[in-house]
Each structure stands twice: as C-alpha cells, then as structure tokens.
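Engineer: Pasting the sequence and the predicted model now:
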Amino acid sequence: MKSLLSVLTVAVTAAALGGCGQFASPGGSASVGRWPETTASGPQPARGPKTPARGQVRATGTVAAGVEPGCLTLASAGTLYLLLGATAGLGEGDHVEVVGTVQPDAVTTCQQGTPLRVESVVRR
C-alpha cells in the first residue's frame, strides 16, 4: 500500500509539473516552452525619427524651446536635435544652420532630441 501511495504521489506530481511551460495556441494545441506567436493585423504604428549615428552633421532649421527650461531644440531633415555647447545668443524662433557632432549618449536633463554638440552657428 505504501509503494502504491508513493507511485501515485510521483505520478500526480509529474502530471502537475508536466503542464508547466505549456501555452495554449489559438488553434487549441499546446506548445512546450514557447510563448504563443502573435501576428499584428491592421495599420502599424508610425515609427519615430531615426537617431543619427555619431559624427559631424550640418543641420538647418528654426530653434525651438525644449520641454525643460534652458533647453533648445532644432528640427532638421526629420531629426529633432538637442542643441548643446555653443548656443549663447540663440533663442526660440531663430532660423539657423548649425554644424556639430552628434552625441547620442550624452547625459542631459532636457528629455528630448538627439544631443548635438554645436561647434558653429550661422543665422539664416
């Protein structure tokens, strides 16, 4: 009787654990160890502007105030730049051409835009 009880305990435990890692698929069958595959239907969400690679860029546009005080941005060719460095004298509404170096991993408190270390500014 004791061995029958041990066998039943092992069988029940194995059956309970055997269900772990199985997920029902839309067709009703189960697959072991994988999440069900999903497919998107309908329109896909719009993707944001591409972050430019490191390197020097020339960007032309109108300076705008950032969401945080003291932050200046410039939208140019589908990219929003956060202007850092040589920005003295720039203000919201100035139409400029800037040359600078993209620094995507620069730490700022401005919360928007691809950081661009400005090297020169020409007003247009």
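Structural biologist: Now that the structure is in, tell me what you want to look at.
Engineer: Correct me if wrong: residue 73 contacts residue 79.
Structural biologist: No: judged on C-beta atoms under 8 Å, residue 73 makes no contact with residue 79 at a distance of 10.3 Å. Placement of C-beta: from N, CA and C, glycine included.
Engineer: Give me the more crowded residue out of these two.
Structural biologist: Neighbours of residue 73 and residue 79, each counted by other C-beta atoms under 10 Å, are more numerous for residue 73; the result is 22 against 19.
Engineer: That one belongs to a strand?
Structural biologist: Yes: under DSSP: H, G, I helix; E, B strand; the rest coil, residue 73 falls within a strand.
Engineer: Report the contact partners of it.
Structural biologist: Residues near residue 73 by C-beta atoms under 8 Å, 6 or more residues apart in numbering: 63-66, 80-83, 110, 112-113.
Engineer: got it, and residue 55?
Structural biologist: Residue 55 touches 101-102, counting by C-beta under 8 Å, 6+ apart.
Engineer: likewise residue 72?
Structural biologist: By C-beta under 8 Å, 6+ apart, the neighbours of residue 72 are 63-66, 82-83, 87, 90, 92.
Engineer: one more time with 7 Å, if that's ok
Structural biologist: Applying C-beta atoms under 7 Å, 6 or more residues apart in numbering, we find residue 72 in contact with 63, 65-66, 83, 87, 90.
Engineer: And those residues, which of them are buried?
Structural biologist: Among those, the ones that count as buried by 16 or more other C-beta atoms under 10 Å are 63, 66, 83, 87, 90.
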